[in-house]
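**Q** Have a look at this prediction, sequence included:
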Amino acid sequence: MPTAVRLKEKLDSFSDHWSPKIVTGFNGHDVMVVKVKGEFVWHSHEETDDFFLVLKGNLVIQLRSGDVRLGPGDLYVVPKGVEHRPVAEEEVHLLLIEPCGTPNTGDPATAAVKQTI
């Protein structure tokens, strides 16, 4: 029988930060949840846009041209090739969507290994 993906249950199942967890797939894309806190590294994705939807908390996406501030229910898409850095003063829960296999740092050598939960 089909079941819904319960994002809160998925987020409650782990505590690590900056480690996206795949919850489902969509047309060749990974749909992921992640908990973030602190500053991520400056990076870009040359081949794809970067989709962020805030589920809980407040996130700043720093761009070289200025900051984008997001709260619960807000989303922002960083265009491909644009250097950015997510920053969260307190823990933030996010929904991310990106093509399967996209490294979260833009570089496979430094990217977190994605797990399916």
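**A** Now that the structure is in, tell me what you want to look at. Please read all numbers here as calculations on a predicted model, not as lab measurements.
**Q** contacting residues around the spatially most central residue of the chain?
**A** Nearest to the mean C-alpha position of the chain, by C-alpha atoms, centre = their mean, lies Leu96 at 4.1 Å. Listed by C-beta atoms under 8 Å, 6 or more residues apart in numbering, the contact partners of Leu96 are Pro20, Asp30, Val31, Met32, Val33, Val34, Asp50, Phe51, Phe52, Leu53. Using the backbone N, CA and C atoms, a C-beta is placed for each residue, glycine as well.
**Q** Next one, pLDDT for it please.
**A** Looking at Leu96, its pLDDT stands at 96.
**Q** can you pull out the strands in this protein?
**A** Taking DSSP state E, the strands of the chain run over residues 21-26, 29-39, 50-56, 59-63, 66-70, 75-78, 84-99, 115-116.
**Q** Which residues outside the second one are in contact with it?
**A** In this structure, residues lying in contact with strand 29-39 by C-beta under 8 Å, 6+ apart are 5, 7, 10-11, 14-25, 55, 59, 85-88, 90-102, 114.
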